[in-house]
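> here are the coordinates; sequence isn't available:
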């Protein structure tokens, strides 16, 4: 009779112990896979937000701007934007090249525009905003920006029209048709002021794009910033249908920009960054994965202690049975192997159950989404996250989790079995 | 050494707007001259019924040098109007009425009335802030002055005077050291200190121009903000006319024209 068969038969004979051990493994596997699915969902969310709305798959900026990012020195620009867009759009795998001009400005809310100055005691109220110059047509082709319009329409090119973020509109009671005046720095390090008509209110799925934001046609923003044919960044989006690795995609962009710099005598140093190096939030999520991995390892270890405990008790309770088997010709190593098979089967059963349950649960949650507001806190408007999270599990992490939990639980579970070595058949038979 | 209450020296900073000095006496340095007399002559020389001038602001820092052209009109010590004429800033105006500052941008429908919290911002990213050009005519009551010595400063004999504010919380630069030329009684140099007596700004008059008998005009003034490393702002004035300017020039309504 094969030892593995005896092990399986023993498991069916001790159903309650088997179930107890399996649940001990199943629960941590479920918890860890759920945690991983949350992190994977957050990663997917961040990637979508960055590549679609924020920066594309690769972002090009002036190196000086990136070096001094904390000071927001908007006058370090990428110039010759139209030539760069033209060159990059012909590269393999490029879906869209979009220029953006982001400038911190101050909205003037109130102020006086009549009367003799001596009597004018009222002062303007200043509110910080981020002015973003966009190529609306391209944005629309890329992710259908029009679908995010809560009210009104997209601004026309070369006009003093603007979109305002939904939360900005609510905060300052701005409606479609209102005129907004703002002032801010220029690329020439002077200052400028401009009035624009709000033609639409936009509500992005990401909170930070709706708070204190004002969206203008790119050329209007360039006009305000005194920076014709220049932008603070160029976003390049990859065509998902073209198979090209991210590193090759970035290399192609770098090499074509180098060529352009040589031929056009451009002296600007470019900072060419892939999406996952752009946002600190993406890096935080990556760190979160590592932390979850450590937490997961701890949970698995805890689960394995349940097996250790029950195997230890089982060994004690089944000493007479083992003594009988030993008297019938089963050597101590054979008995140990039977026990190891039992632990292995229990661990496989527990892991499989945990994975099946978590796959069913996560796939359901991946469809309906997880409303983070249910956890009591509204998503911070400054984070790169949507309020609804869609957990997901990748094949890689699922496989890794199965292998890891099986290995850890098995290694811990078989530890008590070593004590059988020190026993004799007589002591086993006497133990009943 | 005699002490005297005098005005806030930010009015002296207004020289770059007023840019005019009148000479009471073309006297040789006289160590017997009282500080009252020196400051009286200095203050009397700062106020004119009207000034019209052209000029430029050159900002030199680690990113290079840029120059902004402007036209200036002023009336007394309370009213001044700067209109920028360089291409990038063409049509922009800064109006000062007593301690209030109004900004006009041609592309904006609203006039911006600066509040006090924004006075610390620099004008056109230069070494000069709005609070440097804001002020009132009652500053003689806000400082205590000490005549420290008569010395040669940048090759020019000058009275070295130390000013300390009576209420240091009210003044932008509560401690100041100024040098007044002994021959023309115009400002020659100044060091402006914070409440913790740390040097914040320096200014140096590099050229004066005689515009009429006993009247001198500061035609080149160099500001330096110590917090901005390797940065200086030079204000050059030319084509000065001293004549009355109508009051309606300094109204918000006139900004739009």
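Looks like it came in fine. Computed from a predicted structure; not experimentally measured. Numbers count the residues shown, from 1 in each chain, chains lettered A, B, ... in the order given.
> And stretch A:170-186, what's buried?
Using 16 or more other C-beta atoms under 10 Å in any protein chain shown as the test for burial, stretch A:170-186 gives A:172, A:174, A:176, A:180-186. Any C-beta I mention is one placed from the backbone N, CA and C, and that applies to glycine too.
> repeat for stretch A:276-289
A:276, A:278-279, A:281-282, A:285, A:289.
> In CSV, list those residues along with secondary structure, pLDDT and distance to residue A:66.
Listed next are those as CSV, based on DSSP: H, G, I helix; E, B strand; the rest coil; pLDDT from 0 to 100; distance: C-beta to C-beta, whole Å:
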residue, secondary structure, pLDDT, distance to residue A:66
A:276, helix, 85, 16
A:278, coil, 82, 10
A:279, coil, 73, 13
A:281, helix, 72, 17
A:282, helix, 72, 16
A:285, helix, 74, 21
A:289, helix, 75, 25
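> Could you say which helix or strand holds residue A:411?
helix A:395-413 (DSSP states H and E).
> got a list of contacts for that helix?
Where contact means C-beta atoms under 8 Å, 6 or more residues apart in numbering or on different chains, the residues beyond helix A:395-413 that reach it are A:21, A:25, A:28-29, A:32-33, A:36, A:40, A:296-297, A:300-301, A:303-305, A:307-308, A:311, A:343-344, A:346-348, A:350-351, A:354-355, A:359.
> burial measure for the residue in chain B positioned nearest to chain A, as a count.
As assessed by C-beta to the nearest C-beta, chain A sits closest to residue B:105 within chain B, at 3.0 Å. By the criterion of other C-beta atoms under 10 Å in any protein chain shown, residue B:105 has 24 neighbours.
> Give me the distance between the residue of the stretch 201-350 of chain A found nearest chain B and residue A:267.
The minimum distance from the stretch 201-350 of chain A to chain B, using C-beta to the nearest C-beta, falls at residue A:226 (5.1 Å). As defined by C-beta to C-beta, to the nearest Å, residue A:226 lies at a distance of 20 Å from residue A:267.
> who has more neighbours, these two?
residue A:226 (18 against 7).
> on that earlier part again, can I assume the residue of the stretch 201-350 of chain A closest to chain B is in contact with residue A:188?
Yes: using C-beta atoms under 8 Å, residue A:226 makes contact with residue A:188 at a distance of 5.2 Å.
> what is in contact with these two at once?
residue B:88.
> To which secondary structure element type does residue B:82 belong?
strand (DSSP: H, G, I helix; E, B strand; the rest coil).
> Quick check: the gap between it and residue B:60.
From residue B:82 across to residue B:60, the span is 20 Å (C-beta to C-beta).
> These two: which is more packed in?
residue B:82 (21 against 18).
> Tell me where chain B has helices.
Per DSSP state H, chain B carries helices over the ranges B:10-13, B:15-18, B:35-44, B:130-133, B:252-255.
> Show me what the fourth one is packed against.
Contact analysis of helix B:130-133 by 3 or more C-beta pairs under 8 Å, 6 or more residues apart in numbering or on different chains; DSSP states H and E lists helix B:10-13 as its packing neighbours.
> Kindly report the same for the longest one.
Helices and strands touching helix B:35-44, as assessed by 3+ C-beta pairs under 8 Å, 6+ apart, comprise strand B:3-6, strand B:143-153, strand B:156-165.
> for the chain, what are the low-confidence residue spans?
Looking at chain A here, since you left the chain open. For chain A, applying pLDDT under 70 flags the ranges A:1, A:72, A:109-123, A:373, A:375-384, A:431-432.
> I was after chain B.
Looking at chain B by pLDDT under 70, you get B:1-32, B:46, B:135-140.
> Parallel or antiparallel, list what pairs with the longest strand along it.
The single longest strand within chain B, with elements called by DSSP state E, is strand B:199-212. Take DSSP bridges as the rule and strand B:199-212 pairs in its sheet with strand B:187-193 (antiparallel), strand B:215-225 (antiparallel).
> Throw those into TSV and include mean neighbour count, thanks.
What follows is the strands paired with strand B:199-212, written out as TSV (neighbours: other C-beta atoms under 10 Å in any protein chain shown):
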stretch	mean neighbour count
strand B:187-193	23
strand B:215-225	21
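> For residue A:131, which of the ones you listed is the nearest?
Proximity to residue A:131 (C-beta to C-beta) singles out strand B:215-225 among the strands paired with strand B:199-212, at 26.9 Å.
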